[in-house]
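*Asks:* heads up, no residue letters with this:
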């Protein structure tokens, strides 16, 4: 019979301050990995040592997804790979572990996470506030790395930045806090760049700040030392004596002189020189990359619950509609709002559908009947909408439909056609499902300063 309480162990050094005699204690990581796997680990180590131990533990199949808490000060690796500090009352570990077990059993319909994508989503799914943290590391060319992706990649070669962008475009992940903004080499993608001042004329590196004078009599401009003769200021061109600044001479704005072409200039040009490949670029032409933390999006949670096999996934069945990722849909909606706000045309409409109790009904019906019901819903929706309309699914119950070039009358007509879907839900199998609808037409319903995200939030509140 499976235990209802977790097996907890402590990994700590001889100077460990944590004194919990009932728990198994290990002083060495290799001893811990050699023992039968524990359910929950407590790392009673200084931050840097805890971070190193976490890296090794996450690479181990036994502790890849386990709850691991750092008891002392936490470094960036602890934040990226750990579960934070343990609760003050260690008895609270039991309900946390039970919740972890329940979520693991629900993930991907009980199938083990084998591919890199599913391993990452599983790790996030098992933690209600799990993030993919960016870690600053000057040893890597792009200055930042994602320790969680490196640990879960195992032997696979993964470009973290490209993979995160792809997952975000698919709607499985969403952007979190902006950490930094990098300028990268156009050729090799390195962030190791040296910005140097060069001559504005010949782009020579050999320039120097040098004070100069401007003679008002003849207009000659030259370095200040050329005007000094026997302790007096004399113009080397017209030999006029310069007594008073402002009337005889002044100091021009040109503060730099090129030792190569002898040019004078106010501001030097700037070049970005890559320290890895040696290429030279204009700063404004460098690639710009935003470094962010990432978290699991609503579509990602749907996939984790409903499974990753496209042939049996309800989410994929809805994908037969013109289904967009949540971010792409919001951007398209925002673009429509901007056009209407500026030009007052063409009109467009937005329709929100909520299938109340859909998830629980599908679970109750079982695999075969559940898919038959989803198929019927999708077919009815396909009959009611046009090829140019676009959908997104913000949760298991919420479906949003963007209707370009459709005013209030067209929206009302569509709602009538969707009454057929409501009739389908009145059958005995799906009688617990209720279809709620909310509509919006622009420009008449558009509120001042409202963007796509705020509009969706307002309409979702009306569907609650």
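*Replies:* Arrived safely, thanks for sending. This is a predicted model, so every value here is computed, not measured.
*Asks:* CA atoms for contacts and neighbours, from now on please.
*Replies:* Will do.
*Asks:* check contacts around the closest residue to residue 132 other than its chain neighbours.
*Replies:* Distance criterion CA to CA, 6 or more residues apart in numbering; nearest residue to residue 132, sequence neighbours excluded, is residue 294 at 5.0 Å. Contacts for residue 294 (CA atoms under 8 Å, 6 or more residues apart in numbering) come out as 131, 132, 133, 164, 173, 174, 175, 176, 177.
*Asks:* pull the most distant pair out of those.
*Replies:* 164 and 177 (14.1 Å; CA to CA).
*Asks:* neighbour count winner among these two?
*Replies:* residue 164 (20 against 12; other CA atoms under 10 Å).
*Asks:* from residue 8, how far off is that one?
*Replies:* Residue 164 sits 33 Å away from residue 8, taking CA to CA, to the nearest Å as the criterion.
*Asks:* got it, and residue 353?
*Replies:* In terms of CA to CA, residue 353 sits 46 Å off from residue 8.
*Asks:* what do you get for residue 207?
*Replies:* 66 Å.
*Asks:* got it, and residue 448?
*Replies:* 55 Å.
*Asks:* so what's residue 435 bridging to?
*Replies:* Beta-bridge partners recorded for residue 435 (DSSP bridges): residue 355.
*Asks:* and for it, the neighbour number?
*Replies:* Neighbour tally, residue 435, other CA under 10 Å: 20.
*Asks:* ok now whichever strand or helix holds residue 117, how far from the chain's centre?
*Replies:* Secondary structure assignment for residue 117, by DSSP states H and E: helix 116-125. Put simply, helix 116-125 sits 15 Å off its chain's centre (CA atoms, centre = their mean, to the nearest Å).
*Asks:* and what of stretch 72-84?
*Replies:* The chain centre lies 20 Å from the centre of stretch 72-84; the measure is CA atoms, centre = their mean.
*Asks:* surely residue 235 meets residue 215?
*Replies:* Yes - counting by CA atoms under 8 Å, residue 235 does reach residue 215; the two are 6.5 Å apart.
*Asks:* leaving out chain neighbours, which residue sits closest to residue 124?
*Replies:* Nearest to residue 124 is residue 130, by CA to CA, 6+ apart, at 4.9 Å.
*Asks:* from memory the one you found sits against residue 120, does it?
*Replies:* No - look at residue 130 against residue 120 with CA under 8 Å: they stay out of range, at 10.4 Å.
*Asks:* quick check: longest strand of the protein.
*Replies:* strand 173-184 (DSSP state E).
*Asks:* pairing partners for it, with directions?
*Replies:* Strand pairing (DSSP bridges) places strand 173-184 next to strand 287-296 (antiparallel).
*Asks:* contacts for the following helix or strand past the strand it pairs with?
*Replies:* Moving toward the C-terminus from strand 287-296, the next helix or strand (DSSP H and E) is helix 298-306. The contact list for helix 298-306 (CA under 8 Å, 6+ apart) reads 106-109, 121-122, 125, 171-173, 313-315, 325-326, 393-396.
*Asks:* how about the helix or strand that contains residue 362: buried residues?
*Replies:* According to DSSP H and E, residue 362 maps onto helix 358-365. Residues of helix 358-365 classed as buried: 358, 361, 362 (neighbour count, 16 or more other CA atoms under 10 Å).
*Asks:* between these, which is nearest residue 408?
*Replies:* Closest approach between the buried residues of helix 358-365 and residue 408, by CA to CA: residue 358, at 28.1 Å.
*Asks:* surely that closest one meets residue 433?
*Replies:* Yes - judged on CA under 8 Å, residue 358 makes contact with residue 433 at a distance of 5.8 Å.
*Asks:* number of residues surrounding residue 186?
*Replies:* Residue 186 has 16 nearby residues by other CA under 10 Å.
*Asks:* how close does it sit to residue 286?
*Replies:* Residue 186 is 6 Å from residue 286, by CA to CA.
*Asks:* need the residues touching each of residue 235 and residue 215.
*Replies:* In contact with both residue 235 and residue 215: residue 242, using CA under 8 Å, 6+ apart.
*Asks:* circling back to that earlier point, buried stuff in the next helix or strand after the longest strand of the chain?
*Replies:* Next in sequence after strand 173-184, counting helices and strands by DSSP H and E, comes strand 193-198. Judged by neighbour count using 16+ other CA under 10 Å, the buried positions of strand 193-198 are 193, 197, 198.
*Asks:* partners of strand 193-198, with directions?
*Replies:* strand 269-274 (antiparallel).
*Asks:* got the contact list for the very next helix or strand once past the strand it pairs with?
*Replies:* As assigned by DSSP H and E, the chain's next helix or strand after strand 269-274 is strand 280-281. Contacts with strand 280-281, where a contact means CA under 8 Å, 6+ apart, come from 185, 186, 271, 272, 273, 274.
*Asks:* wait, isn't residue 133 in contact with residue 77?
*Replies:* No - if you go by CA under 8 Å, residue 133 and residue 77 don't touch, sitting 9.0 Å apart.
*Asks:* hang on, the earlier thing: so the longest strand of the chain versus helix 116-125, what angle?
*Replies:* 110 degrees (axes from the mean of the first three to the mean of the last three CA atoms, to 10 degrees).
*Asks:* now do the helices in the stretch 301-450 of the chain.
*Replies:* 314-318, 326-343, 358-365, 367-384, 408-417, 419-424 (DSSP state H, counting those that start in this stretch).
*Asks:* what's the least confident stretch among those helices?
*Replies:* Comparing mean pLDDT across those, the lowest value falls on helix 314-318: a mean of 48.
*Asks:* looking at this protein, which helix or strand does the model trust least?
*Replies:* Across the helices and strands of the chain, mean pLDDT, DSSP states H and E gives its lowest value to helix 314-318, namely a mean of 48.
*Asks:* tell me where the model's unsure across this structure.
*Replies:* Low-confidence segments of the chain (pLDDT under 70): 1-3, 13-21, 253-254, 309-322, 363, 365-376, 378-379, 424, 427-430.
*Asks:* show me how it divides into domains.
*Replies:* Per automatic domain parsing, the domain ranges recorded for the chain read 1-110, 211-254, 309-463.
*Asks:* tabulate those in CSV, adding columns for distance to residue 303.
*Replies:* Output for these, formatted as CSV (distance: least, CA to CA, whole Å):
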stretch, distance to residue 303
domain 1-110, 7
domain 211-254, 63
domain 309-463, 7
